[in-house]
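[1] sequence and computational prediction follow.
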Amino acid sequence: MGGKTGNGRILIMDDDKMMRLIAVFLLNKLGYEAEAVANGEEAVELYQRERDEGKPFDAVILDIRVGGGMGGGEAVQHLHRIDPEAKVVISSGSHNDPLMRDFARYGFRNALPKPYGAADLGKVLSAILSGDSLDSFDATSRDMQSSPFAIS
């Protein structure tokens with residue numbers, strides 16, 4: 001299987017239903033337990049509820065912009081009020097967005113450009129969950145000819 005395998009609970013927020021389904025599939029294949037929501041409000045609510053119930057998420061992946069709801073830039077602020085040590089990754093197809101280019105300045109541990117596959121997802125999660133630092137995720141280093149959702 002592509003990517004690094006791991007374990008833990010991952011919360012994914014994306015307004016694109018297909019992206020949520022693919023992300024949960026990839027996370028499960030990598031060995032993670034995953035839950036997905038459509039907007040930042042739902043992400044903050046679920047993060048708080050699961051933390052209160054003693055089942056905290058190990059990491060969160062947030063989409064930058066969400067139609068009709070709170071996006072990742074605002075949601076990360078709420079998550080850090082709940083848990084200052086929250087491990088949050090920003091994700092977007094807009095690779096030149098300031099939140100993607102300068103993710104640490106906005107409270108994110110890393111940036112995950114879309115489209116991403118199992119290898120990209122595994123690399124980023126493994127790094128942030130182990131405490132390693134990736135300066136940034138280089139989208140140009142990926143093989144753009146292969147399927148972005150490959151799990152071979």
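    Everything's here; your move.

[2] buried ones in stretch 74-85?
    For stretch 74-85, the neighbour count (16 or more other Cβ atoms under 10 Å) marks 75-76, 78-79 as buried. Every residue, glycine included, has its C-beta placed from N, CA and C.

[3] and the residues you listed as TSV, adding pLDDT, distance to Asn7 and secondary structure?
    As requested, those are arranged in TSV below (pLDDT from 0 to 100; distance: Cβ to Cβ, whole Å; DSSP: H, G, I helix; E, B strand; the rest coil):
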residue	pLDDT	distance to Asn7	secondary structure
Ala75	98	24	helix
Val76	98	24	helix
His78	98	26	helix
Leu79	98	21	helix
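
[4] out of the residues you listed, which comes closest to Pro113?
    Ranked by distance to Pro113 (Cβ to Cβ), those are led by Val76 at 17.1 Å.

[5] which ones are touching that closest one?
    62, 86, 88, 90, 106-108 (Cβ atoms under 8 Å, 6 or more residues apart in numbering).

[6] out of those, who has the most neighbours?
    For the contacts of Val76, counting by other Cβ atoms under 10 Å, the largest number of neighbours falls to Leu62: 29 neighbours.

[7] and it, how far is that from Pro98?
    Here the criterion is Cβ to Cβ, to the nearest Å. By it, Leu62 lies 15 Å from Pro98.

[8] can you check Lys114 too?
    From Lys114 to Pro98 the distance is 16 Å (Cβ to Cβ).

[9] let me know the closest of the contacts of Val76 to Gly54.
    Nearest to Gly54 among these, counting by Cβ to Cβ, is Ala86 at 16.2 Å.

[10] just checking, the closest one touches Leu79?
    Yes: Ala86 is within contact range of Leu79, at 4.6 Å (criterion: Cβ atoms under 8 Å).
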